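Enquirer: Sequence and predicted structure below; questions after.
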Amino acid sequence: IYILIFFIVFNIFILRIKYEIRYMNNFIENVEKTGESVSFCGKVKNITFKDDKIIIFCDGVIYYLKEEIFLNDIRIGNRVEFEGKSEEISRGSNPGEFDAKSYYRTKGIYIKMSVTDYRVVDKSYDKPGEFFFEIRQYLNVKIDDTFESDRAWFIKAIILGMRGELDKDTYKLYQRSGIAHILAISGLHVSLFGIGIYKILRKILQRSFFLSASIASLFLLFYGLLVGDSVSIVRASTMLILYFIAEVIGRSYCIISALSISAVTISLISPFEPFGLSFQLSFAAVLSLGGPIALIIKRFKPAEKKDKSSCSYRVFKILVVSIGVQLLTLPVTLYYFYTFPLYAFLINILVIPLMSFVLYSSMLSLVLNILRLILYKYISVFTVAILRFYDFLCIITKYLPYHYIVFGRPKPWQILIYYILLLLIIAISVLRGRK
């Protein structure tokens, strides 16, 4: 039965990918045939702001408007006629450079246009979409009011997914130190929010599984619509909802099964996603956590209950998770970026656990400021202190020898040999642990 299910899903995926490729080629061909500087947008899907530009996402096209021509009269769902120079999104020209074509293809975007003029053709708008856009802009202003100007961009990135104001120097510093992943809304962020709300509701509602799980699931849906449908958010939300269902019906939760269901769902909805970096890194990290890393932790788990809560065992788990994820996702990182920050293992041991404090304290500060309670100023100081500690760690490692090593892109046979050797080492370690 499992082989039959796999065969059916695989064939549906092949049909979906063929359809998307045909649609993409026809879309690009039609744009090139017109040879004109006018394009019609059926529906405005999203609007973002970066530096002095306004970026508008529509079906198949991304539009770049300069600040001076934008009249702030475009709403989500409007039909707009744009005029300007259009071209197909190209791949990165240098090895290891950001591949814009592959990234935007996963989002259904194939053409970009530098807009010189526009006209709103149909002013009817998408009410839910505009509602979430307005909330996002309101929270954006409140974050500026809550945190220091040189740290507000970080909070916007990790809570709202707004990366338009990222400080380029700090981002480069984080990237070369191996902690740039914390600047994107990932499964870690969603899991912390979802699990945190679920556990709080369980205590408040006196262990009511169904109601707690329902409210937490609705929050995940609301949060996903607020910040966007990135692959890591959809993956984490799907897996968390499956976890809540398992809790309600009293069944054990299998992380690999939940991961497989979310992978199939994402692949069928957006068939280009499995070929994107975000999908591969996100799923590789969770697969390593639910597979080899979980096996190692389980085999070396102390027999005595009091030893499980000991400081040494907690440190052991943190080390295994941090080093294990880095080792098991190393080929993916090298394949796309050609480089590897050597001390990322050590930095992430401190950075990742502290991210829960950053998220919860920043959210609490934001809520208190919205409620006009002066206490937010003191809590935000705690958040900023951790962010400064992150900078301190990155600056220290920058001056260490071999902190940033250029390996180049590994060949497929090298990746295969690497994983075979790594899995053999893990297997031997587990077998020795049993003895």
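Expert: Nice, thanks for sending it over. Residues are numbered from 1 along each chain as shown.
Enquirer: Assess the claim that Lys45 and Ile76 are in contact.
Expert: Yes. Taking Cβ atoms under 8 Å as the definition, Lys45 is a contact partner of Ile76 at 7.2 Å. Just so you know, the C-beta spots here come from the backbone N, C-alpha and C atoms, and that holds for glycine as well.
Enquirer: which residues are common contacts for these two?
Expert: Gly129 (Cβ atoms under 8 Å, 6 or more residues apart in numbering).
Enquirer: ok, the two, which is more surrounded?
Expert: Ile76 (21 against 18; other Cβ atoms under 10 Å).
Enquirer: Let me know the pLDDT of the more buried one.
Expert: Ile76 carries a pLDDT score of 90 in this model.
Enquirer: Phi and psi next, for it.
Expert: Dihedral angles of Ile76 (phi, psi; degrees, to the nearest 10) stand at phi -60, psi 130.
Enquirer: Check Glu83 too.
Expert: Torsion angles at Glu83 (phi, psi; degrees, to the nearest 10) stand at phi -130, psi 130.
Enquirer: Show me the beta-bridge partners of it.
Expert: With DSSP bridges as the criterion, Glu83 is bridged to Val38, Asp117.
Enquirer: Okay, and the closest residue to His403 other than its chain neighbours sits in which element?
Expert: Distances taken as Cβ to Cβ, 6 or more residues apart in numbering put Thr397 closest to His403, at 5.1 Å, once the chain neighbours are dropped. Assigned by DSSP states H and E, Thr397 falls within helix 376-398.
Enquirer: Next, the buried residues of the next helix or strand after that helix.
Expert: Using DSSP H and E, the helix or strand that directly follows helix 376-398 along the chain is strand 404-406. Residues of strand 404-406 classed as buried by neighbour count (16 or more other Cβ atoms under 10 Å): Tyr404.
Enquirer: Not counting strand 404-406 itself, show me its contacts.
Expert: So strand 404-406 is contacted by 176, 338-342 (Cβ under 8 Å, 6+ apart).
Enquirer: average model confidence for it?
Expert: Strand 404-406 comes out with an average pLDDT of 83.
Enquirer: Give the buried residues for the helix holding Thr397.
Expert: Going by 16+ other Cβ under 10 Å, helix 376-398 has these buried residues: 376, 379-380, 383-384, 386-387, 390, 393-394, 397.
Enquirer: what do you get for stretch 202-217?
Expert: Those would be 202, 209, 212-213, 215-217, for stretch 202-217 by 16+ other Cβ under 10 Å.
Enquirer: before we move on, what about stretch 159-177?
Expert: Buried, per 16+ other Cβ under 10 Å, within stretch 159-177: 159-163, 165-166, 170-171, 173-177.
Enquirer: sec struct for Val264, please.
Expert: helix (DSSP: H, G, I helix; E, B strand; the rest coil).
Enquirer: name the element the closest residue to it other than its chain neighbours belongs to?
Expert: The shortest distance from Val264 to any non-neighbouring residue, by Cβ to Cβ, 6+ apart, is to Val9 (5.7 Å). Taking DSSP H and E as the definition, Val9 sits inside helix 2-34.
Enquirer: which helices and strands does that helix pack with?
Expert: strand 79-88, strand 109-122, helix 255-269 (3 or more Cβ pairs under 8 Å, 6 or more residues apart in numbering; DSSP states H and E).
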